[in-house]
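J.: fold the stuff below for me.
(2 chains)
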Amino acid sequence: MDDNKKLVEEITPMGEDFARWYTDIIKKAQLCDYSGVRGCMVIQPYGYAIWENIQNELDSRFKKTGVENVYMPMFIPESLLQKEKDHVEGFAPEVAWVTHGGMEKLQERLCVRPTSETLFCEHYSGAIRSYRDLPKVYNQWCSVVRWEKTTRPFLRSMEFLWQEGHTAHATAEEAQERTIQMLNVYADFCENVLAIPVIKGQKTDKEKFAGAKETYTIESLMHDGKALQSGTSHNFGDGFAQAFGIQYLDKNNEQKYVHQTSWGMSTRIIGAIIMVHGDDAGLKLPPRIAPIQAVIVPVAQHKAGVLDAAAALRDRLSESFRVKLDDSEKSPGWKFSEYEMRGVPVRIEIGPKDIEKNQAVLVSRVDRSKTFVSLDNIEEELSSLLDKIQQQMYDAALENRESKTSTAKTYDEFKSLIDEKGGFVKAMWCGSEECEQKIKEDTTATSRCIPFEQEHISDTCICCGKPADKMVYWGKAY
RNA sequence: CGGGAUAUAGCGCAGUUUGGUAGCGCGCUUCGUUCGGGACGAAGAGGCCGCAGGUUCAAAUCCUGUUAUCCCGACCA
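T.: Take a look at the predicted model:
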């Protein structure tokens, strides 16, 4: 076929208008819909199915590290929210308040949780008495509300789904270990399940979470060269413990404050999947997260035996894969485009000619390559094709990130790279917030992270020229 | 929260300047022919013109207000 032919007329090409491409994909793939509630989205079955797969994959990884799931209230009394000073200052501008219960004005207003540190802390302050009660390694799956000024589907909505893990430990070392452990879980999940390569590192003081001692992050790069914080893990030290009085008696009968962590990943990651992998033909889902891994499209389905063969194939493959048979009356060509647009990794065509030869056609979403495979060993063929696609998608994402990552030695070079090339720019930083602020004002780029994998680019700060020993990833971010 | 734009059938739009019977394309329903990259014909169904006020004999159209969405900034997962 002619590769230049635009199959899906409704999708704005990425190169023309990336923001529009993004919303086109979401609408056409039926991931979510707008609702009558400002800034809140209706997550549709296909989008929610992706979230359920994310939940399953993450949750099982969490549980292997000893995490237990709980559920906390969605309301936080104002007095409770205010116990930790930095935390409340960080979140106050964007919380929603409940002021009335029925007709009655409340004595104390309640905020709708923007995050649940305070609730976990209050619970821990009562539940922890002795070192024998530690560690507490809790997580909850829930939604939170932040009163955002501008919103975009998945990337920033007023209510969003996420998980938030909150732990309490006897020692600072143990808390730090847990912080990094969970960051590694997120990184492993992104790279191996979502096929999204990430940069692991630490946030600067300016960018860290309200109330945290240290914030760690995984940063990924979208197709348009903008960065997206894809997961975070915070070490709170004993700051919250002091504010909330969370103490335990250690083996020597001494009162000690606990050390805490929190970590989260949200439906925002679905935005990353779209923007890292998608192309002008639509969404492209990594096989390990795709709600439909293979769609069976019967060809000439009115002919005797075709639908039966397709249904039999579906039943067989459903034992090991997430498979859908589309036996609707749409033409095959329509179905090809439709499932391509919705990002299904593999299409399986089966028609009279195939049935005669005991075969089916596997078509990859990545490059539309066709393979004719015998029905005798189609499970093996499909399985290896899905693995291949998963790997190809990771490789392509990595290549895109590498091609959009550069190094700057002078400030002029830095500014022009940020401005013209975009992507990540690696540069040395002295550690001062003034330089960070100036860079942001000059370029709108922010520090994404101080990566664990450091490189020595030069001896001096890209901005002020003073001695610098930290290499930082900079970039424009979502 | 500032600056700009939009809201008419499920989706995409015309109609608004100059007030006068609600339109087009796609989709949807039924029947027939089709089927290996978005098939074709015929016949149908579908609207309080975002919402609330106002002006007028008459409002999708003019005036207020309001809500939602999009784009660009500032703020944020």
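
J.: where's the closest residue to RNA strand B within the stretch 1-150 of chain A, which helix or strand?
T.: Nearest residue of the stretch 1-150 of chain A to RNA strand B: residue A:38, at 2.9 Å (C-beta to the nearest atom of the strand). Where C-beta positions appear, they are placed from N, C-alpha and C, glycine not excepted. Using DSSP states H and E, residue A:38 falls within no helix or strand.

J.: now do the contacts for it.
T.: Contacts were defined as C-beta atoms under 8 Å, 6 or more residues apart in numbering; by that measure residue A:38 touches A:151, A:158.

J.: switch to 7 Å and redo it
T.: Residue A:38 sits next to residue A:158 when contact means C-beta atoms under 7 Å, 6 or more residues apart in numbering.

J.: I'd like the distance between it and residue A:415.
T.: Distance from residue A:38 to residue A:415, counting by C-beta to C-beta, to the nearest Å: 37 Å.

J.: tell me how many other residues surround the residue of the stretch 351-478 of chain A found nearest RNA strand B.
T.: Residue nearest to RNA strand B within the stretch 351-478 of chain A: residue A:351 (2.7 Å; C-beta to the nearest atom of the strand). Around residue A:351 sit 19 other residues, with neighbours defined as other C-beta atoms under 10 Å.

J.: skipping adjacent residues, who's closest to it in space?
T.: Of all residues not flanking residue A:351 in the chain, residue A:299 sits nearest, at 3.1 Å (C-beta to C-beta, 6 or more residues apart in numbering).

J.: could you tell me the per-residue confidence at the one you found?
T.: pLDDT recorded at residue A:299 is 96.

J.: which residues touch it?
T.: Residue A:299 neighbours (C-beta under 7 Å, 6+ apart): A:332, A:349, A:350, A:351.

J.: same check, this time on residue A:313
T.: By C-beta under 7 Å, 6+ apart, the neighbours of residue A:313 are A:296, A:350, A:360.

J.: so the first one sits against residue A:310, correct?
T.: Yes: the pair residue A:296 / residue A:310 is scored as a contact, 5.3 Å apart, by C-beta atoms under 7 Å.

J.: name the residues contacting each of these two.
T.: Residues touching both residue A:296 and residue A:310 (C-beta under 7 Å, 6+ apart) are A:325, A:350.

J.: so which residues of the stretch 51-200 of chain A form strands?
T.: In the stretch 51-200 of chain A, the strands defined using DSSP state E, counting those that start in this stretch lie at A:68-69, A:75-77, A:96-101, A:104-112, A:136-145, A:159-169, A:199-202.

J.: out of these, deepest packed?
T.: Greatest average neighbour count among these goes to strand A:159-169 (a mean of 22), per mean count of other C-beta atoms under 10 Å.

J.: would you say residue A:302 is within a helix?
T.: No: using DSSP: H, G, I helix; E, B strand; the rest coil, the assignment for residue A:302 is coil, not a helix.

J.: geometric centre of chain A: which residue is closest?
T.: Residue closest to the mean C-alpha point of chain A, counted by C-alpha atoms, centre = their mean, is residue A:269 at 2.1 Å.

J.: touching, that one and residue A:228? I think so.
T.: No: between residue A:269 and residue A:228 there is no contact, the gap being 8.5 Å when judged by C-beta under 7 Å.

J.: overlap in contacts, the two.
T.: In terms of C-beta under 7 Å, 6+ apart, residue A:269 and residue A:228 are not both contacted by any residue.

J.: and residue A:209, backbone torsions?
T.: The phi and psi torsions at residue A:209 (degrees, to the nearest 10) take the values phi -70, psi 150.

J.: contact partners for it?
T.: By C-beta under 7 Å, 6+ apart, the neighbours of residue A:209 are A:215, A:232, A:234.

J.: check contacts around the first one.
T.: Read that as residue A:215. Applying C-beta under 7 Å, 6+ apart to residue A:215 gives the contacts A:203, A:208, A:209, A:232, A:234.

J.: before we move on, back to that, and the gap between the residue of the stretch 1-150 of chain A closest to RNA strand B and residue A:145?
T.: According to C-beta to C-beta, residue A:38 stands 12 Å off from residue A:145.

J.: can you redo the strands of the stretch 51-200 of chain A as JSON lines with mean pLDDT?
T.: Putting the strands of the stretch 51-200 of chain A into JSON lines (pLDDT from 0 to 100) gives the following:
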{"stretch": "strand A:68-69", "mean pLDDT": "98"}
{"stretch": "strand A:75-77", "mean pLDDT": "94"}
{"stretch": "strand A:96-101", "mean pLDDT": "89"}
{"stretch": "strand A:104-112", "mean pLDDT": "90"}
{"stretch": "strand A:136-145", "mean pLDDT": "97"}
{"stretch": "strand A:159-169", "mean pLDDT": "97"}
{"stretch": "strand A:199-202", "mean pLDDT": "97"}
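
J.: of the ones you listed, which is nearest residue A:343?
T.: strand A:159-169 (19.9 Å; C-beta to C-beta).

J.: show me where the stretch 1-150 of chain A dips below the pLDDT cut-off.
T.: The model of the stretch 1-150 of chain A has pLDDT under 70 over residues A:1-9.

J.: residues of it that sit close to RNA strand B?
T.: Applying C-beta under 7 Å from any atom of the strand, one finds that the stretch 1-150 of chain A approaches RNA strand B through A:1, A:7-10, A:19-20, A:22-23, A:28, A:34, A:36-40, A:90, A:93-94, A:146, A:148-150.

J.: what is the nearest of the contacts of residue A:209 to RNA strand B?
T.: residue A:232 (6.4 Å).

J.: any chance of the backbone angles for residue A:237?
T.: With angles defined as degrees, to the nearest 10, residue A:237 sits at phi 60, psi -140.
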